[in-house]
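Engineer: What shape does this take:
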Amino acid sequence: MNHRYWTTFVVAACITMLAGPLAWADPLPGTRPLEIEGDLAEQMVSGIDRFLLRETAESIGKRPRHWKRDGSSAEKYDSSVAPNRAHLAKIIGAIDPREKITAIEFVATTAQPALVGRGENFEAFAVRWPVVRGVHSEGLLLAPKNGRAVADVVALPDADQTPEQLAGLVPGIAPESQFARRLAESGCRVIIPTLIDRADTYSAIGPRTTNQPH
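Structural biologist: Predicted structure coming up:
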């Protein structure tokens, strides 16, 4: 027998002989063998779900200790919740100073005007505005045709809805749920921001793709 193969055989035999006793050895102090049966991944997810639902239910009674709302006026309310807003901004990483907005920019090119559609009593324009340094938000501005707005409203769509759908310019949302369009028809000036959707179309690292949402 070739010397190299003989050496490999001896090593493999030794490992096999040692693995047997180790597999049946007593567990380490303070531990015990895993005896759970069934789909462990499914059980883990179910356990996480139970934990989060329990913690969410228990958090309701704990909220007053963290919130000191003063509803006597709009100014006092904003001041009373300012620490909570600052804490939320910190934990989600939204700590960059906001850009001051003096005007909203109409988005137009030589091929596409800013006016993208019309509805009853309003016109829809493609717009954008600065948010933080180097970052702009974009969306639609629904402006009354007569130029006089009874109120200014920010209409937030669902993450999987487009501003055009919420304005009733394209299909995708039932007419009774197009609240931005209904507000605009009532004389309001409405801004509809474009939100990042939950799809994973562009979630790729090199040749690999993931299911991480946008």
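Engineer: end-to-end on stretch 124-139?
Structural biologist: 10 Å (CA to CA, to the nearest Å).
Engineer: buried ones in it?
Structural biologist: For stretch 124-139, the buried set under the neighbour-count rule, 16 or more other CB atoms under 10 Å, comprises Ala124, Phe125, Ala126, Val127, Arg128, Trp129, Pro130, Val131, Gly139. (Each C-beta comes from the backbone N, C-alpha and C, glycine too.)
Engineer: Then stretch 177-197?
Structural biologist: For stretch 177-197, by 16+ other CB under 10 Å, it's 178, 180-185, 188-195.
Engineer: Let me see the ranges of the helices in this structure.
Structural biologist: Under the criterion DSSP state H, the chain contains helices at 3-23, 40-62, 74-91, 163-166, 179-185.
Engineer: I'd like the average pLDDT over the first one.
Structural biologist: pLDDT averaged over helix 3-23 equals 54, rounded to a whole number.
Engineer: Just checking, which helix or strand of the chain averages the lowest pLDDT?
Structural biologist: helix 3-23 (a mean of 54; mean pLDDT, DSSP states H and E).
Engineer: now the residue nearest to Val107 when sequence neighbours are not counted, which residues is it bridged with?
Structural biologist: In space, and not counting its chain neighbours, Val107 is closest to Ala126: 4.3 Å by CB to CB, 6 or more residues apart in numbering. Beta-bridge pairing of Ala126 under DSSP bridges involves Leu140.
Engineer: Could you double-check that Ala126 lies in contact with Ala114?
Structural biologist: Yes. Counting by CB atoms under 8 Å, Ala114 is a contact partner of Ala126 at 5.4 Å.
Engineer: Overlap in contacts, those two.
Structural biologist: Residues touching both Ala126 and Ala114 (CB atoms under 8 Å, 6 or more residues apart in numbering) are Phe106, Val107, Ala108.
Engineer: who wins for neighbours among these?
Structural biologist: Of all the shared contacts of Ala126 and Ala114, Val107 has the most neighbours under the rule other CB atoms under 10 Å, reaching 17 neighbours.
Engineer: wait, what's in contact with that residue?
Structural biologist: Per CB under 8 Å, 6+ apart, neighbours of Val107: Ala114, Ala126, Val127, Arg128, Glu138.
Engineer: what about 10 Å?
Structural biologist: Pro113, Ala114, Val116, Phe125, Ala126, Val127, Arg128, His136, Glu138, Gly139, Leu141 (CB atoms under 10 Å, 6 or more residues apart in numbering).
Engineer: Give me the local confidence score for it.
Structural biologist: For Val107, pLDDT reads 96.
Engineer: Can you tell me how far Ile173 is from Ile191?
Structural biologist: Distance, Ile173 to Ile191, by CB to CB, to the nearest Å: 17 Å.
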